[in-house]
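J.: Structural data only, the sequence is not supplied:
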């Protein structure tokens, strides 16, 4: 694997070398990373970058500097791979301090550059031995897996061998083997409060459910984990979030992939994932405690109407309804009807509606 | 005895001179410091006006000498036509005595107050008489006067009069001594500098307490003296009309045709008809009611605007630019002269110029130069209509930042010329807000703003090209080095890329391990004879090749090489040192040169 990674990074540098030797200005071309340039791929059922490409050539000081930074990063990764070390994205940012004018001005800049390299090499950043700063989310439920840690293999059952918070997903999910399960579905939950509520109420045992805490906008490792459970065990994945435009984007990134990482949607997205709620119609039907939409909320909803990932009858109806209601509600608003309402009434009813429970 | 009788004994007429003594501020003598500027301003205005009338190129000398700790002797001398001896006492020794008050044409001075006010001011502060020497031509001797003003009667007193030898064949010299200070020296020089900008045909020499300054002329063209015109029917008031009627000999019809511009026989008849007066009635016999109706008819008459060609004397776009360029260093200067126009029967025209960049201060409000009839306005900028118009233009449309007034390295010159400049007060510091004038000022500023905008965007485009040049010449070699390290091959030569894209002369400076290397490559298609100036703290020890010249200034060494580089050729030099500083290439147009310091961040 490291060999392949090194070869691919090397080939980027080699291309520039050849360009310069021929008297050409070094350049790279990358897909345009905007909403307008993602397309649905029928074979894999995920959204990927389309045909549009932008060329970065060292014509201007800005682009030249970008290429210079990229060559510094490639040189750094080459050494890192050879020495079998690893580093975090944050560390990479600090390492660049010593690169004079090639140093990064912000963490975002180095993250984007690594994503560019992922696209150019068709590899994940884990292959470069780079890990994200954030720790992965947690899992609780009837599933057994094996993790290859630096200190040996560990076999873990995610109900029996873990504490109350569950099993923590490592940053590199490729180090996990999924062994067996006794579950009927997976629920991915946006907030920690609702995740803890479901554990406390014993929802995982009562309904044979695997609970995954998304921790807001899910990290790549969380999305990769959901993708693998769905694919390897064939379990349906359901997403349970707040009822506002930002939470719908969480669902979209689980189901269809994020615009930022559309180059690896195939690995990260779970196209068959379904949205449980909170649906705008739930706000109306259950008369949930709610807030009025802010200007930004409305703008986000309107932008979602034009987002190809939301171009379905279901989403159009729900988003239009929400704009009409002019309201949003949090998951935990169900507590207004008692702490057990969400596990005894709401979720079973929705799961039956969706055909998961019979 | 009644109170009225009592009061009557105290009631008496006040002489103008007395009035002035109490109201110095009205004429610009509110402080001793300002007194110097006002005196010089009045004397220089008179000198320039006189030269214009005589059609000679003005050579003006201004001297300021401290005679006691707080007494200054101010001398202004010109090469004008001189003043006949009989008139000298009145010109300098009587307030409100002048040749131009009754004339309708553009001139600097008008009321005949200015210089005699200075004479009076001298008399009040030091008690010294004013010295005047004047000569009207080579055939006449020069006359020397010592003058004072009788404050009670506003009549001149000649203390001494004699004939003297004088080296000038014609001209006038006035020497006034009064109490003052030199606190406003900067402002004074500013006034002279601005005067020189709008009088590019004048040479002004200044001797300021043994410091000398010269504002040289840039134009050898004698400016045509504006010719007086008759009053326009729309620009007349009742008092003036009554006076004119009182002195008229013929009929009303004849009076109108002879006394007004743009009035012919037919128009005169129409005016008389609408005033209900017979054109054949003797003009001097009109009743006050008739006079009033005549005024109404005059103001309502449909007559063309007054002629402006002869009575106004614009500086002209070309000379404004030359005038500015000789006193200010700027990257961009444009000027505009608007067609003449009229307010209340008074012809006027507006000229303006905008300068940008160069050595103008890069921050803060734009520098504003206001002029009325070629005289700089130095005080009360905030009260002036010109300032109001400048602040009223939205400069952001022209890519200039603005905080009330526009800001940045900007200079704005506005000149209002008129037969009757509407000042807000007699000290002539600010122009009143007349809508017609404001409209013209705004229009000319907008025209110039558009030109500035296109200059700025052109400059930005050039900057973009420079940015590209920097990228190609300094970052690409670094990419080459890093990439070569990754693929473990020799560093590729990127000069081909530079050459292909640049087609310019590329000069690089780099330093490594205590050695500085200069590299100049000629990618143009022409051989070039170049002079290379390398200015830095390094003395250039052990330079190879040796520079032709090395000079030191303030611990900085300028090392100069003269080289010839063929098309496609290269040159390099090395010496011991730490690098930095600046590198300059001359011998090719600057747009064909790219200079890069590889060690610069």
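T.: Cool, the structure landed. The model shown is predicted, which means the values in this text are computed figures rather than measured ones.
J.: what about the longest helix in chain A?
T.: helix A:61-82 (DSSP state H).
J.: For chain A, see how far away residue B:50 is.
T.: 60 Å (Cβ to the nearest Cβ, to the nearest Å). Heads up, the C-betas are built off the backbone N, CA and C, glycines and all.
J.: hmm, back to that, can you give me the mean pLDDT across the longest helix of chain A?
T.: Averaged across helix A:61-82, the pLDDT comes to 90.
J.: now stretch B:166-182
T.: The model assigns stretch B:166-182 a mean pLDDT of 86.
J.: And stretch B:45-59, by the same measure?
T.: For stretch B:45-59, the mean pLDDT works out to 86.
J.: Report the buried residues of it.
T.: B:45-52, B:54, B:56, B:58-59 (16 or more other Cβ atoms under 10 Å in any protein chain shown).
J.: on that earlier part again, from the contact counts, what lies against the longest helix of chain A?
T.: Here helix A:61-82 touches helix A:2-21, strand A:27-31, strand A:53-57, helix A:89-95, helix A:107-121, helix B:435-470, helix B:476-487, going by 3 or more Cβ pairs under 8 Å, 6 or more residues apart in numbering or on different chains; DSSP states H and E.
J.: what about the ones you listed, which gets the closest to residue B:34?
T.: helix B:435-470 (26.2 Å; Cβ to Cβ).
J.: So, low pLDDT: which residues of chain A?
T.: For chain A, the stretches with pLDDT under 70 are A:1, A:134-135.
J.: Get me the contact residues on it for chain B.
T.: Proximity of chain A to chain B, by Cβ under 8 Å from any Cβ of the partner chain, involves residues A:10, A:13-14, A:16-17, A:20-21, A:23-26, A:58-65, A:67-68, A:71-72, A:74-75, A:78, A:100-102.
J.: Identify the residue nearest the geometric centre of the chain.
T.: Unless you meant another one, I'm taking chain A. The residue lying closest to the centre of chain A (Cα atoms, centre = their mean) is residue A:220, at 4.1 Å.
J.: Sorry, I should have been clearer: chain B.
T.: Using Cα atoms, centre = their mean, the residue of chain B that lies closest to the mean C-alpha position is residue B:194, 3.7 Å off.
J.: helix, strand or coil for that one?
T.: Put simply, residue B:194 is helix when judged by DSSP: H, G, I helix; E, B strand; the rest coil.
J.: and the nearest residue to it once chain neighbours are set aside, which of the three is it?
T.: Leaving aside its chain neighbours, residue B:194 sits nearest to residue B:376 (3.7 Å; criterion: Cβ to Cβ, 6 or more residues apart in numbering or on different chains). Classification of residue B:376 using three-state DSSP returns strand.
J.: tell me how far the longest helix of chain A is from the chain's mean position?
T.: Distance of helix A:61-82 from the chain centroid (Cα atoms, centre = their mean, to the nearest Å) equals 26 Å.
J.: Equivalent analysis for stretch A:201-219, please.
T.: The answer for stretch A:201-219 is 17 Å, by Cα atoms, centre = their mean.
J.: Stretch B:377-387 too?
T.: 14 Å.
J.: quick check: domain ranges of chain B?
T.: B:16-215, B:233-300, B:350-456, B:495-597 (automatic domain parsing).
J.: Ok, which of these comes nearest residue A:35?
T.: Residue A:35 lies closest, by Cβ to Cβ, to one member of the domains of chain B: domain B:350-456, at 32.3 Å.
J.: which residues touch the closest residue to residue B:213 other than its chain neighbours?
T.: Ranked by Cβ to Cβ, 6+ apart and with sequence neighbours excluded, the top spatial neighbour of residue B:213 is residue B:206, at 4.2 Å. Residues near residue B:206 by Cβ atoms under 8 Å, 6 or more residues apart in numbering or on different chains: B:61-64, B:189, B:192, B:212-215.
J.: Which single one of the residues you listed is nearest to residue B:4?
T.: residue B:64 (52.2 Å).
J.: got a list of what residue A:322 touches?
T.: Per Cβ under 8 Å, 6+ apart, neighbours of residue A:322: A:243, A:245, A:280, A:283, A:293, A:301, A:328.
J.: let's go with 7 Å and repeat that
T.: Residue A:322 sits next to A:280, A:301 when contact means Cβ atoms under 7 Å, 6 or more residues apart in numbering or on different chains.
J.: buried set for the host helix or strand of it?
T.: Element membership of residue A:322, judged by DSSP states H and E, is helix A:313-325. Of the residues in helix A:313-325, A:315, A:318-319, A:322-323, A:325 count as buried by neighbour count, 16+ other Cβ under 10 Å.
J.: got JSON lines for these, with distance to residue B:409 too?
T.: Listed next are the buried residues of helix A:313-325 as JSON lines, based on distance: Cβ to Cβ, whole Å:
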{"residue": "A:315", "distance to residue B:409": "55"}
{"residue": "A:318", "distance to residue B:409": "57"}
{"residue": "A:319", "distance to residue B:409": "52"}
{"residue": "A:322", "distance to residue B:409": "54"}
{"residue": "A:323", "distance to residue B:409": "51"}
{"residue": "A:325", "distance to residue B:409": "56"}
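J.: So for the residue in the stretch 201-350 of chain A that chain B sits nearest to, what's the nearest residue that isn't a sequence neighbour?
T.: Proximity of the stretch 201-350 of chain A to chain B (Cβ to the nearest Cβ) peaks at residue A:263, 22.7 Å away. Here the nearest residue to residue A:263 in space, its sequence neighbours aside, is residue A:119; by Cβ to Cβ, 6+ apart that works out to 4.4 Å.
J.: Which residue ranges of the stretch 301-450 of chain B form strands?
T.: B:332-337, B:341-343, B:346-356, B:367-372, B:375-377, B:402-403, B:405-406, B:410-418 (DSSP state E, counting those that start in this stretch).
J.: Residue B:79: which of the ones you listed is closest?
T.: Between those, strand B:375-377 lies closest to residue B:79; by Cβ to Cβ that is 19.6 Å.
J.: Quick one: mean pLDDT over the closest one.
T.: Across strand B:375-377, pLDDT averages out at 88.
J.: just stretch B:300-314 next, same as before
T.: Averaged across stretch B:300-314, pLDDT comes to 78.
J.: Endpoints of it, how far apart?
T.: 29 Å (Cα to Cα, to the nearest Å).
J.: before we move on, what about stretch B:389-408?
T.: Its first and final residues considered, stretch B:389-408 spans 18 Å by Cα to Cα.
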